[in-house]
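Engineer: no sequence on this one, just coordinates:
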């Protein structure tokens, strides 16, 4: 039997190509978000939801520029959960790592439940009709799907890359048939601007509050630097893959948004033209694409939508399961979890205990999903991912102050970093009440528990800005109108002005809280 010491000395293999990385990022992005978010955004903001997707793409591109440089500077497995370790020390990074981990933990069960939603269109027994919460059988199906996701990641990153590329290309083709098919069946371009209320029927505030739904769908780029250590040429391929994915997914999302808007046949749904909020049955359907295809009697599209509604979220789930295991593996390197998590399979060269632990956690969450508080917390916990994003622009500028940079260098890093931090802060704020406080609560709870167990206490002064930042964001969602807080003292647009000013203050504080030199020698050479 191989000793733990030997297993921990086994290196991850550099197997992933640029094509595989790009497909992994795109396929990881195009899933539940576009199937469910786009119609919900249309209901909330009307045709302006198209602009919400465009703005979301711009925001995410700016944020992703920081990943390009940091990913080439520190090309490590689960890298984004480690950058703050070098720039701000253990305590800041503990909080940041758990922000990433909370996000990753909840996505596989969310995607598994999304598959159950699609199946439920035919079985009618996996989702409770009035509450939209999974039944016990629905939870069992979701848990079984989590188990099926594990083998795609277990047998080595090469198998993962090849299988995901093949399945992913088929998935993307099927996805693209959906908006094209809808527009062939129903094409009413007057829906964009010629109906009562025009292009922006509910105002700019509605358009902005719809953006967080879009940002959930843009997360695919985040998985690319998680696989940096397993790329054949991370210095060249990582920046290109990030760029290709952001542009590609934005184009796909805008296409879907346009298709939903121009494919609304008002008479079929018994709704007065221009009353977008009355289209709630589309957004609340178990699978909006399947629902619309069924309403229009498009049999071929119904069949494709059924495959898309099950295959799409499943693939996203197993990609995030693999990427999340890399984040957990990175936490072993930071000494936030036990040594077992750091074991790498001698034959398949994957962090297999991290994968198994991550899969079991997702299975438990899926089984608990019939409990309403757990089910609703799944969506709320996604905001934790954007709490983790906010640190990356700060780490970028601190790294430059330390005299370090990646092969790819962000132009005007202080400016790009400021914009990225502001955009990330907006997204956290727009995620609203109670999503932001739930996300912060989960991050704090996990960080305190594991911080005590593994005695993480160094760097409190460097972490103070991040702690106060999260607490202030909770306060802002409580008192801000756009965030839908219970005490909307600050009305739009003044709430956005205050949030932006606060973002600039915390950005500067975060930079000046950085270390003069890296806390530790990098685990992997750039």
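Structural biologist: Alright, I've got the coordinates. Just so it is clear, the model here is predicted, and its values are computed rather than measured.

Engineer: so what's the residue count around the nearest residue to residue 13 once chain neighbours are set aside?
Structural biologist: Using CB to CB, 6 or more residues apart in numbering and skipping residues adjacent in sequence, the residue nearest residue 13 is residue 349, 4.4 Å away. No exception for glycine: its C-beta is placed from N, CA and C like everyone else's. Look at residue 349: counted by other CB atoms under 10 Å, it has 18 neighbours.

Engineer: next, the residue nearest in space to the middle of the chain: secondary structure please.
Structural biologist: Residue closest to the average C-alpha location in the chain (CA atoms, centre = their mean): residue 219, at 3.3 Å. With DSSP: H, G, I helix; E, B strand; the rest coil as the basis, residue 219 sits in helix.

Engineer: how far away is it from residue 95?
Structural biologist: 19 Å (CB to CB, to the nearest Å).

Engineer: hmm, the residue nearest to residue 13 is touching residue 10, no?
Structural biologist: Yes - counting by CB atoms under 8 Å, residue 349 touches residue 10, with 6.2 Å between them.

Engineer: list the buried ones in the helix or strand harbouring residue 446?
Structural biologist: Taking DSSP states H and E as the criterion, residue 446 maps to helix 435-453. Going by neighbour count (16 or more other CB atoms under 10 Å), the buried part of helix 435-453 is 435-444, 446-447, 450-451.

Engineer: was I right about residue 311 contacting residue 172?
Structural biologist: No - with contacts counted by CB under 8 Å, residue 311 stays clear of residue 172, the gap being 10.9 Å.

Engineer: mind showing which ranges of the stretch 401-526 of the chain have poor pLDDT?
Structural biologist: Scanning the stretch 401-526 of the chain for pLDDT under 70 picks out the ranges 525-526.

Engineer: and the strands in it?
Structural biologist: Counting by DSSP state E, counting those that start in this stretch, no segments of the stretch 401-526 of the chain form strands.

Engineer: quick one, helices of it?
Structural biologist: 413-431, 435-453, 460-479, 494-512 (DSSP state H, counting those that start in this stretch).

Engineer: sorry, back to before: and the residue nearest to residue 13, that one's in a helix?
Structural biologist: No - with three-state DSSP as the criterion, residue 349 is located in coil rather than a helix.

Engineer: rewinding a little: elements contacting the helix holding residue 446?
Structural biologist: With contacts defined as 3 or more CB pairs under 8 Å, 6 or more residues apart in numbering; DSSP states H and E, the packing partners of helix 435-453 are helix 90-123, helix 372-381, helix 383-389, helix 413-431, helix 460-479.

Engineer: how far off helix 90-123 does that helix point, in degrees?
Structural biologist: Orientation of helix 435-453 against helix 90-123 (axes from the mean of the first three to the mean of the last three CA atoms, to 10 degrees) gives an angle of 130 degrees.

Engineer: now helix 435-453 and helix 413-431, what's the angle there?
Structural biologist: Computed by the same axes, to 10 degrees, the angle between helix 435-453 and helix 413-431 is 110 degrees.

Engineer: how about the residue nearest to residue 281 when sequence neighbours are not counted, what does it touch?
Structural biologist: Of all residues not flanking residue 281 in the chain, residue 269 sits nearest, at 6.9 Å (CB to CB, 6+ apart). Counting by CB atoms under 8 Å, 6 or more residues apart in numbering, residue 269 touches 278-279, 281-282, 295.

Engineer: out of these, which are buried?
Structural biologist: 279, 282, 295.

Engineer: do you know the pLDDT at the nearest residue to the last one once chain neighbours are set aside?
Structural biologist: Read it as residue 295. In this structure, residue 295 finds its nearest non-sequential neighbour in residue 268, 5.6 Å apart by CB to CB, 6+ apart. Note on residue 268: pLDDT of 90.

Engineer: can you name every helix or strand that the host helix or strand of residue 68 contacts?
Structural biologist: Applying DSSP H and E as the criterion places residue 68 in helix 49-73. Packing partners of helix 49-73 (3+ CB pairs under 8 Å, 6+ apart): helix 38-45, helix 203-217, helix 223-226, helix 234-262, helix 391-401, helix 413-431.

Engineer: least reliable of these going by mean pLDDT?
Structural biologist: Taking the mean pLDDT of the helices and strands packed on helix 49-73, helix 203-217 comes last: a mean of 79.

Engineer: how many other residues sit next to residue 275?
Structural biologist: So residue 275, with other CB under 10 Å, has 15 neighbours.

Engineer: where does it fall, phi/psi-wise?
Structural biologist: phi -90, psi 70 (degrees, to the nearest 10).

Engineer: against residue 235, how distant is it?
Structural biologist: 53 Å.

Engineer: next: residue 327.
Structural biologist: The separation that residue 327 has from residue 235, given CB to CB, amounts to 22 Å.

Engineer: quick one, which of the two is more surrounded?
Structural biologist: Taking other CB under 10 Å, residue 327 and residue 235 do not tie; residue 327 has more neighbours (28 against 16).

Engineer: picking that back up, to residue 113, which of the helices and strands packed on helix 49-73 lies closest?
Structural biologist: helix 203-217 (14.2 Å; CB to CB).

Engineer: list the contacts of that closest one.
Structural biologist: 29-34, 37, 40-41, 44-46, 48-49, 51-53, 55-56, 59-60, 200, 249, 253, 382-383, 386, 426-427, 430-432, 435, 481-482, 484, 492-493, 496.

Engineer: just stretch 40-48 next, same as before
Structural biologist: By CB under 8 Å, 6+ apart, stretch 40-48 touches 49, 52-53, 191-193, 197-202, 204, 206-207, 209-210, 213-214, 257, 260-261, 264, 274, 276-277, 279-280, 282-283.

Engineer: tell me which residues in that stretch are buried?
Structural biologist: 40-48.
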